[in-house]
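Here you go, sequence then predicted model.
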Amino acid sequence: MSGELRVRVRVLAAWQDVVLRLPPETAIAEIKAAALAAVHDTSDADEFVVKFRGAAVANEALSLAFAIGTGQHFTT
């Protein structure tokens with residue numbers, strides 16, 4: 001898979017949506033850190049839970065592509 005994926009992340013602590021363009025191999029943990037940085041939240045990223053379609057993403061080492069079910073599997 002080539003190119004970047006457009007991802008909208010809602011940071012509830014700031015009640016803001018952040019739009020990121022990321023390669024599909026980006027780890028979920030990296031997306032979380034980027035979203036927090038975009039809203040200038042310096043809290044510990046481990047204090048936040050990532051959810052996709054309402055369900056918690058338990059393994060934040062999984063890639064964006066794998067987590068959204070594109071059929072590609074990347075791990076970090």
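Structure received.

any idea of the pLDDT on residue 5?
At residue 5, the pLDDT value in this model is 87.

scratch that, residue 51
88.

Could I get the contacting residues of it?
Applying CB atoms under 8 Å, 6 or more residues apart in numbering, we find residue 51 in contact with residue 57. Backbone N, C-alpha and C define where each C-beta goes, glycine included.

Got phi/psi on it?
phi -120, psi 150 (degrees, to the nearest 10).

Please measure how far the first residue of stretch 10-29 sits from its last one.
Distance across stretch 10-29, first residue to last, is 14 Å (CA to CA, to the nearest Å).

From residue 59, how far off is the residue most central in space within the chain?
Nearest to the geometric centre of the chain sits residue 31, at 3.3 Å (CA atoms, centre = their mean). Distance of residue 31 to residue 59, given as CB to CB, to the nearest Å: 13 Å.

and if you look at residue 16?
Relative to residue 59, residue 16 is positioned 26 Å away (CB to CB).

Kindly report the same for residue 42.
25 Å.

who's more crowded, these two?
When residue 42 and residue 59 are compared for neighbours, residue 59 comes out ahead with 12 against 7, by other CB atoms under 10 Å.

Regarding that one, what is its secondary structure?
At residue 59, secondary structure determined by DSSP: H, G, I helix; E, B strand; the rest coil is coil.

before we move on, back to that, if I've got this straight, the residue nearest to the centre of the chain is in a strand?
No. Per three-state DSSP, residue 31 lies outside any strand segment and is helix.

Enumerate the beta-bridge partners assigned to the residue nearest to residue 68 when sequence neighbours are not counted.
In space, and not counting its chain neighbours, residue 68 is closest to residue 52: 6.9 Å by CB to CB, 6 or more residues apart in numbering. Partner residues in beta bridges with residue 52, using DSSP bridges, are residue 55.

ok, and for stretch 51-70, which residues are buried?
60, 62, 63, 64, 65, 66, 67, 68 (16 or more other CB atoms under 10 Å).

now it: how far from the chain's centre is it?
With CA atoms, centre = their mean, to the nearest Å as the basis, stretch 51-70 stands 8 Å off its chain's centre.

how about the strands of this protein, start to end?
For the chain, applying DSSP state E gives strands covering 5-11, 16-22, 51-52, 55-56.
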